[in-house]
Structure formats: structure tokens, C-alpha cells
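A.B. asks: Structure of the sequence below:
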Amino acid sequence: MKKVVSIAGSDCSGGAGIQADLKTFAAHGVYGMSIVTSVVAENTVRVISYQDMTPTVICQQADAVFEDIFPEAVKIGMLSSRETMQAVATSLKKWQPQNVVLDPVMYAKNGDALMDPTAIDTLIAEVLPLADVITPNIPEAEKIANRTITTLAEMEAACRAIHQVCGAAVLIKGGHKTGAATDVLFDGHDFYHYSVERVDTKNTHGTGCTFSSAIASELALGRALPEAVAKAKDYITMAITHSLALGKGHGPTNHFYQVYRHGLEEQA
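C.D. replies: Below is the predicted model of the structure:
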């Protein structure tokens, strides 16, 4: 069995972060592990607070995973502070994993900040160059590239700009635009567009976490990057299409819809 580890924050309401990542790994048939960077008190409506793990504990979790069950891919999510970023960078340099997918989580779905704004320079300088793929949404890409993005051409230009800074492939997600949900991938040579009709639902809590974890899972299974993104796009579209109306705010996606569907068909 292929193995994937998530380095991210914990979402106690289960829709995003480590919890969403582990569900996504399981749905893809890969063995999921976790390195918790922060414990977040959040739900579908708000982020109440979060407590970062110490750099020592983050590094020790990484050592525990990598020395024993070395993964084929790594997904990185919430890194809230400079100290957290530097601890993760230290561990990545030490263990040199492949297929590192980094989702630069800056805000929760409700707009609450999950990254210290003063730490973005550290993210760009010390962490992004260690990734193989970066998956920002449009607001995150605007912060990283320091430019406004409103069109597909501007998404492509931002992909190039971010790639020039860090050397990683860049996938800018189009969920914050209007019209079709079009994502743009630049692998350093070619552009790829992935477009689906926008799903009319407010239940999109954890979509970024889920999408990046699906990409990491597909890379661990041996897919080339463009195919891995295409399959992950199909998965996240399914999870959003059948999302769950749980909670009072933005409900979670349905990570196991395919499993539930097959079970219901067998019972029928």
C-alpha cells in the first residue's frame, strides 16, 4: 500500500485540515499519516482559536513518521507562523521526501485568518522552494505573486511568476471566480486547464484541503502530475456535488460518497 502523510492543522469539526486529509487518503486507497502543526477550534461557521504545536514537537512527529513508514507523497496545509514554517522546512530538508504538495492555507472558508500575515515572506522564501506542487486559490495566489488575478490570462501569468520564485509546479484554483470552476496548472513547461460547471452549494468547507490531498494521493499511486490533477479534480467535484448540509455555515464535502453509494446499491 502506498503511504501519504499530511502536515497540517487539525479541524475538530472534521471537514478540513488533517481530518479531511485522512478521509481523502482513505478514499483513494492509500495509507494516511499525520503531522499536526496546529490544533484549531473551528466549525462550519467560525474559527474560535488555534494553538500551534512547538517546533520541537513538529520535528519529532516528522522523525517518527519518516524513520519508520516513509511516504510516497506529502501534503502540507496550515502553517500559521514563521516558527512552524521553519520547523517543517527543517524536516523536509532532513528527510527529502518526494511528491510534496503544498496548499498555502491562509484563510478559513469563513474568511478567518489561519496564517500570520507577517509570515508570508517566510513561506515564500523557505517553504515553497521545497514543494513539488503548490495549490493556492486566487486570493492566496494574489498574496504570493503580489498581483491582482481576475482572468484566465492573469491566472497563467501568476502561475509563471510563482514558479519563477520557487521552482515548483503551480496549480491556481478558480473556485473564487465566477462562471465555470477552472483551475490552471503550470508545470514549468506547459499549461493545463481543468474546468467543470460550478456546483451550486454553500457546503464547501475543506475543499482546498481535500483537493490537495487527492493530488498527493494520485501522485503516490504513480500518476504523472497532469493526470493526478485531473483525477483529483474529478474527485473534489464529486465530493462537492454530494456535499453534506451539516452545521449552520459552510458544510463539509462528502469524501466517501462513492463508498456510501456502492453500499446503498448493494443493499437495494
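A.B. asks: Quick check: pLDDT value at residue 107.
C.D. replies: If you check residue 107, the pLDDT there is 76.
A.B. asks: roughly how far apart are it and residue 133?
C.D. replies: 20 Å (Cβ to Cβ, to the nearest Å). Using the backbone N, CA and C atoms, a C-beta is placed for each residue, glycine as well.
A.B. asks: what about those two, which has more around it?
C.D. replies: Legend: neighbour count by other Cβ atoms under 10 Å for residue 107 and residue 133, higher for residue 133 (24 against 16).
A.B. asks: list the contacts for that one?
C.D. replies: By Cβ atoms under 8 Å, 6 or more residues apart in numbering, the residues touching residue 133 are 99, 100, 101, 102, 168, 169, 170, 171, 215, 219, 225.
A.B. asks: Neighbouring strands - and their directions - for the helix or strand where residue 172 lies?
C.D. replies: Using DSSP states H and E, residue 172 falls within strand 169-172. Strand 169-172 sits in its sheet next to strand 133-134 (parallel), strand 181-186 (antiparallel), going by DSSP bridges.
A.B. asks: May I see the buried residues of it?
C.D. replies: For strand 169-172, the neighbour count (16 or more other Cβ atoms under 10 Å) marks 169, 170, 171, 172 as buried.
A.B. asks: got it, and stretch 37-54?
C.D. replies: Buried residues in stretch 37-54 (16+ other Cβ under 10 Å): 37, 38, 39, 40, 42, 43, 44, 45, 47, 50, 52, 53.
A.B. asks: Let me see the ranges of the helices in the stretch 1-150 of the chain.
C.D. replies: 17-27, 55-66, 82-95, 120-122, 138-145 (DSSP state H, counting those that start in this stretch).
A.B. asks: Mind putting the ones you listed into a markdown table with distance to residue 208 and mean pLDDT?
C.D. replies: Putting the helices of the stretch 1-150 of the chain into a markdown table (distance: least, Cβ to Cβ, whole Å; pLDDT from 0 to 100) gives the following:
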| stretch | distance to residue 208 | mean pLDDT |
| --- | --- | --- |
| helix 17-27 | 9 | 98 |
| helix 55-66 | 21 | 98 |
| helix 82-95 | 18 | 97 |
| helix 120-122 | 17 | 92 |
| helix 138-145 | 9 | 94 |
